[in-house]
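J.: only the shape, not the letters, is given here:
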């Protein structure tokens, strides 16, 4: 069981390192090409949408049928909606805090407030992403360590890691534009991902030691991932849609197809 927690920790340390790699673009590049960032965001969103079903919701339903006294469809629906509501509530908290800051300052601290809210918003939504990875690895003993389950957990970590790259850049580059040094911009950018290993270990521990939580935790992670993909990643990757109508869209389709292929092929 402890092996699964260690695997979850290693996987989320990997996703954190990709956040750091994205933040490092502020050191090596003046500004990364938005075209390729959009493609990467689209690919990551496609992977996350597909993983939400094949690697999270489907196993949640199957496990609920075995251990839950409630109907499996109700367990999966409640968990899924809880994950989406958690992300929605997190976003509302950040928006409320931003509004309070804007009303209580005289303008002299606007620069600092913008930076705090930028780092906070990205850090906050990294929590369910870390939980998703931790839950996926923590659930492996329940599935008998089947190859498709392990590949599903790895794919979730890879998908989240890919979308962490532009997130790291999304923090460090604006900080640099605000006048921060490259070193400080990089440090704050990579720090936004430190919550993922923490959340990953918590998610794995909960699933490993509280079996009844597994269906809820899996579907919760799916709801959180779907909301992040649909509300944040897809709109963000479509910013240059007029100039390149299908470039980012092909990234979404390719990411979804890749995840689907891996699951069906290994299943």
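T.: The structure has been received and is ready for your questions. Remember, predicted model here, so these are calculated numbers, not experimental data.

J.: and residue 183, how many neighbours?
T.: 10 (other C-beta atoms under 10 Å). Quick note: C-beta positions are derived from backbone N, CA and C, even for glycine.

J.: cool, residue 73 as well?
T.: 11.

J.: for the spatially closest residue to it that is not a sequence neighbour, which residues are in contact?
T.: The spatial neighbour of residue 73 that comes closest, neighbours along the chain excluded (C-beta to C-beta, 6 or more residues apart in numbering), is residue 61 at 7.1 Å. Taking C-beta atoms under 8 Å, 6 or more residues apart in numbering, we find residue 61 in contact with 72, 73, 75, 76, 215.

J.: return the distance of the first one relative to residue 132.
T.: Which is residue 72. 20 Å (C-beta to C-beta, to the nearest Å).

J.: of these two, who's got more company?
T.: Higher neighbour count among residue 72 and residue 132: residue 132, with 35 against 18, using other C-beta under 10 Å.

J.: okay, and the more buried one sits in which element?
T.: helix 110-138 (DSSP states H and E).

J.: buried residues in the following helix or strand past that helix?
T.: Per DSSP H and E, the first helix or strand lying C-terminal to helix 110-138 is helix 147-177. Under the neighbour-count criterion of 16 or more other C-beta atoms under 10 Å, helix 147-177 has 148-176 buried.

J.: pick out the most distant pair among the contacts of residue 61.
T.: Across the contacts of residue 61, no pair lies farther apart than 73 and 215, at 10.9 Å, counting by C-beta to C-beta.

J.: show me the contacts for the most centrally placed residue in the chain.
T.: Residue closest to the mean C-alpha point of the chain, counted by C-alpha atoms, centre = their mean, is residue 129 at 3.5 Å. Residues near residue 129 by C-beta under 8 Å, 6+ apart: 15, 160, 164, 196, 199, 224, 225, 228.

J.: at 6 Å what do you get?
T.: residue 160 (C-beta atoms under 6 Å, 6 or more residues apart in numbering).

J.: ditto for residue 133
T.: 11, 12, 156, 157, 200.

J.: what helix or strand is the second one on?
T.: Secondary-structure element containing residue 12, defined by DSSP H and E: helix 2-23.

J.: off-centre distance for that helix?
T.: For helix 2-23, the separation from the chain centroid amounts to 12 Å (computed by C-alpha atoms, centre = their mean, to the nearest Å).

J.: which strands or helices does that helix pack on?
T.: helix 110-138, helix 147-177, helix 182-191, helix 195-209 (3 or more C-beta pairs under 6 Å, 6 or more residues apart in numbering; DSSP states H and E).

J.: got the angle for that helix vs helix 182-191?
T.: 140 degrees (axes from the mean of the first three to the mean of the last three C-alpha atoms, to 10 degrees).

J.: residue 162 and residue 44 touch, don't they?
T.: Yes - when contacts are counted by C-beta atoms under 6 Å, residue 162 is listed as touching residue 44 (4.2 Å).

J.: buried sites along the longest helix seen in the chain?
T.: Identified as the longest helix of the chain according to DSSP state H is helix 72-104. For helix 72-104, a neighbour-count test (16+ other C-beta under 10 Å) marks 72, 75-76, 78-80, 82-84, 86-87, 90-91, 94, 98, 101 as buried.

J.: repeat for stretch 237-257
T.: Result for stretch 237-257 [16+ other C-beta under 10 Å]: buried residues 237, 238, 247, 248, 249, 251, 252, 255, 256.

J.: how close does residue 58 sit to residue 208?
T.: Separation of residue 58 from residue 208 (C-beta to C-beta): 20 Å.
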